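Enquirer: below: sequence and its predicted model.
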Amino acid sequence: MKIVADENMPYVEALFGELGEITRVNGRQLTPEQLVDVDVLLVRSVTKVNQQLLAQANQLKFVGSATIGTDHIDLDYLQQQNIPFTNAPGCNATAVGEFAFIAMLELAKRFKQPLQNKVVGIVGAGNTGSALEHCLKAYGIEVLLCDPVLAREQTQTGNSNTREFVSLDTIIEQADIISLHVPITRVGEDKTWYMFDETRLNQLKPNTWLLNCCRGEVIDNRALIKVKQQRADLKLVLDVWEGEPNPMPELVPLVEFATPHIAGYSLEGKARGTHMLFQKLCEIMNIDVDKSVSNLLPAFSISKLDINDALSETQLLNIARLVYNLNDDDYLFRNSFLNNHGFDHMRKNHTHRREFSALSLVNTGQSEVNWMLKLGFSGVER
Ligand SMILES: NC(=O)c1ccc[n+]([C@@H]2O[C@H](COP(=O)([O-])OP(=O)(O)OC[C@H]3O[C@@H](n4cnc5c(N)ncnc54)[C@H](O)[C@@H]3O)[C@@H](O)[C@H]2O)c1
Ligand SMILES: O=C(O)[C@H](O)[C@H](O)COP(=O)(O)O
């Protein structure tokens, strides 16, 4: 069996090695000729899988994308061709949730405004939005959720396990921080393309922090430049950009934390993503899933950490930085995004960060530690 996989997908050899011969490719430059006689295609978000790319794929039996988003896949075409497809919903949700939470702690420190007193609005309450909600609630932060799609589903199903949703206008009026977690959609009543256009951006209340970790085009980036140039009070965290891999150069200096679409890049998230594709292929081929995610992950560099007293917000940030220091990626991004292929180079060579769960805290049973376990850290006996 011939397997073609994006060069930026870890663990393909460990998981798929016994199933066939693996060829690694640059996902952005993949050509139709490279898919002749190929059985399995494994991609990330940079590969547009459509009729044009698959024109010479004479024996393709499976396409997998190790991502949550599917906007790069022509799902209708795959269905017409009877080619089974899977993505990896939820694989990197924890990574994105923790990324946004850490970014908020960083902003709080930089601007000397404790996160504890803020109200956070989450737009899109699916996998990544819920992962952020989970972190914020563990830390005792008030959260407002906007998700008209889930709100309607909840009303239609009459589900008693309900969550409260508010409108986007309420979020804009009431939230001090807004974090975006929607898919990119171009049509329909819930379309998210330019959801934050110039009018919406101008409505943001003074000193709002706006984070985008979903898709660049959810914010009109040109309008964002214009608004931000007039409003120094707004603080921005952008992991995703209109026109990737070429963000508008004028926008980057206006952003507090800038990264190249790596919010989901934890080692755990990537391992889960590849493993979900492996599971699906095993199911299609009717073979046993004989490998697990936990066996793929290396031990974390710090075996355990003692927490004896209640933590200040700065101490919490310092512990979070042991797992992921956002300043490093921000620094690298500013210095490399304008270089030849800088955006993609940084993604390809990203030093995978870990998730909170990689760090074990001692003293479980004490209230100082218990809430951090809810946040996602692991606990061990002394
Ligand atoms: N930066 C990264 O590295 C990274 C990582 C993972 C996902 N993503 C992006 O983030 C998006 C969200 O990921 P997810 O796993 O949370 O997806 P998801 O499908 O689990 O959740 C998205 C939620 O958005 C809601 N939604 C749709 N339209 C909306 C609207 N107009 N207003 C408010 N809510 C709306 C949906 O109902 C859904 O609950 C993905 O589609 C992907 O594009 C980016
Ligand atoms: O949709 C997703 O899951 C993310 O945007 C994904 O993490 C992007 O990373 P890529 O697949 O481009 O490596």
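Expert: Perfect, I can see it now. Ligands and ions are numbered 1, 2, ... in the order given.
Enquirer: report the separation between the residue of the chain found nearest ligand 1 and ligand 2.
Expert: Residue of the chain nearest ligand 1, by C-beta to the nearest ligand atom: residue 126 (1.8 Å). (C-beta placed from N, C-alpha, C; glycine too.) According to C-beta to the nearest ligand atom, to the nearest Å, residue 126 stands 11 Å off from ligand 2.
Enquirer: so which bits of stretch 312-327 are buried?
Expert: If you call a residue buried by 16 or more other C-beta atoms under 10 Å, then stretch 312-327 has these buried ones: 316-317, 319-320, 323-326.
Enquirer: I should have written stretch 73-90 there, sorry.
Expert: Using 16+ other C-beta under 10 Å as the burial criterion, the residues of stretch 73-90 that qualify are 73-74, 77-78, 83, 85-88, 90.
Enquirer: which ones are touching the closest residue to residue 291 other than its chain neighbours?
Expert: Computed as C-beta to C-beta, 6 or more residues apart in numbering, the closest residue to residue 291 that is not its neighbour in sequence is residue 15, at 5.6 Å. With contact set as C-beta atoms under 8 Å, 6 or more residues apart in numbering, residue 15 has these partners: 274-275, 278, 291, 296.
Enquirer: and if we set it to 10 Å?
Expert: The neighbours of residue 15, taking C-beta atoms under 10 Å, 6 or more residues apart in numbering as the test, are 9, 42, 271, 274-275, 277-279, 281-282, 289-291, 293, 296.
Enquirer: host element of it?
Expert: Counting by DSSP states H and E, the element that carries residue 15 is helix 12-16.
Enquirer: likewise residue 3?
Expert: Assigned by DSSP H and E, residue 3 falls in strand 2-6.
Enquirer: partners of that strand, with directions?
Expert: Here strand 2-6 has these sheet partners by DSSP bridges: strand 21-25 (parallel), strand 40-43 (parallel).
Enquirer: can I get the ones you listed in JSON lines including distance to ligand 2, mean neighbour count and mean pLDDT?
Expert: Output for those, formatted as JSON lines (distance: least, C-beta to the nearest ligand atom, whole Å; neighbours: other C-beta atoms under 10 Å; pLDDT from 0 to 100):
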{"stretch": "strand 21-25", "distance to ligand 2": "14", "mean neighbour count": "14", "mean pLDDT": "98"}
{"stretch": "strand 40-43", "distance to ligand 2": "8", "mean neighbour count": "26", "mean pLDDT": "98"}
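Enquirer: format these as CSV; extra columns: distance to residue 117.
Expert: Supplementary listing: the strands paired with strand 2-6 in CSV, determined by distance: least, C-beta to C-beta, whole Å:
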stretch, distance to residue 117
strand 21-25, 48
strand 40-43, 43
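Enquirer: make JSON lines from the ones you listed and add distance to ligand 1 to it.
Expert: Formatted as JSON lines, the strands paired with strand 2-6 follow (distance: least, C-beta to the nearest ligand atom, whole Å):
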{"stretch": "strand 21-25", "distance to ligand 1": "21"}
{"stretch": "strand 40-43", "distance to ligand 1": "14"}
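Enquirer: can you report how many residues neighbour residue 181?
Expert: 29 (other C-beta atoms under 10 Å).
Enquirer: which residues touch it?
Expert: Counting by C-beta under 10 Å, 6+ apart, residue 181 touches 68, 93, 96-97, 100, 122-133, 145-147, 211-214, 218.
Enquirer: who in the protein is up against ligand 2?
Expert: Applying C-beta under 6 Å from any ligand atom, one finds that the chain approaches ligand 2 through 8, 44-46, 67-69, 92, 261, 264.
Enquirer: again, only this time at 8 Å
Expert: For the chain, the residues in contact with ligand 2 (C-beta under 8 Å from any ligand atom) are 6, 8-9, 27, 43-46, 65-70, 87-88, 91-92, 96, 214-215, 240, 261-265, 269, 273, 347.
Enquirer: so which of the residues you listed belong to helices?
Expert: 96, 269, 273, 347 (DSSP state H).
Enquirer: would you confirm that the last one contacts residue 44?
Expert: So that's residue 347. Yes. Look at residue 347 against residue 44 with C-beta atoms under 10 Å: they come within range, at 9.0 Å.
Enquirer: mind listing the helices for this protein?
Expert: Under DSSP H, the chain gives helices at 12-16, 75-80, 93-110, 127-138, 148-157, 168-174, 198-203, 221-230, 267-285, 313-323, 326-336, 342-348, 367-375.
Enquirer: ranking these by burial, who's on top?
Expert: helix 93-110 (a mean of 24; mean count of other C-beta atoms under 10 Å).
Enquirer: what angle sits between it and helix 313-323?
Expert: With axes from the mean of the first three to the mean of the last three C-alpha atoms, to 10 degrees applied, the angle from helix 93-110 to helix 313-323 works out at 140 degrees.
Enquirer: CA-only coordinates of helix 93-110, as CSV, when you get a sec.
Expert: Provided in CSV are the C-alpha atoms of helix 93-110 (Å, rounded to 0.1, in the frame of the first residue of the first chain):
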residue,chain,number,x,y,z
ALA,A,93,-8.9,21.4,21.3
THR,A,94,-7.0,21.3,24.6
ALA,A,95,-3.9,22.8,22.9
VAL,A,96,-6.0,25.7,21.5
GLY,A,97,-7.9,26.2,24.8
GLU,A,98,-4.6,26.3,26.8
PHE,A,99,-3.0,28.6,24.2
ALA,A,100,-5.8,31.2,24.5
PHE,A,101,-5.8,30.9,28.4
ILE,A,102,-2.0,31.4,28.5
ALA,A,103,-2.2,34.3,26.1
MET,A,104,-4.7,36.0,28.5
LEU,A,105,-2.4,35.4,31.4
GLU,A,106,0.4,37.0,29.4
LEU,A,107,-1.7,40.0,28.5
ALA,A,108,-2.8,40.4,32.2
LYS,A,109,0.8,40.5,33.3
ARG,A,110,1.9,42.8,30.5
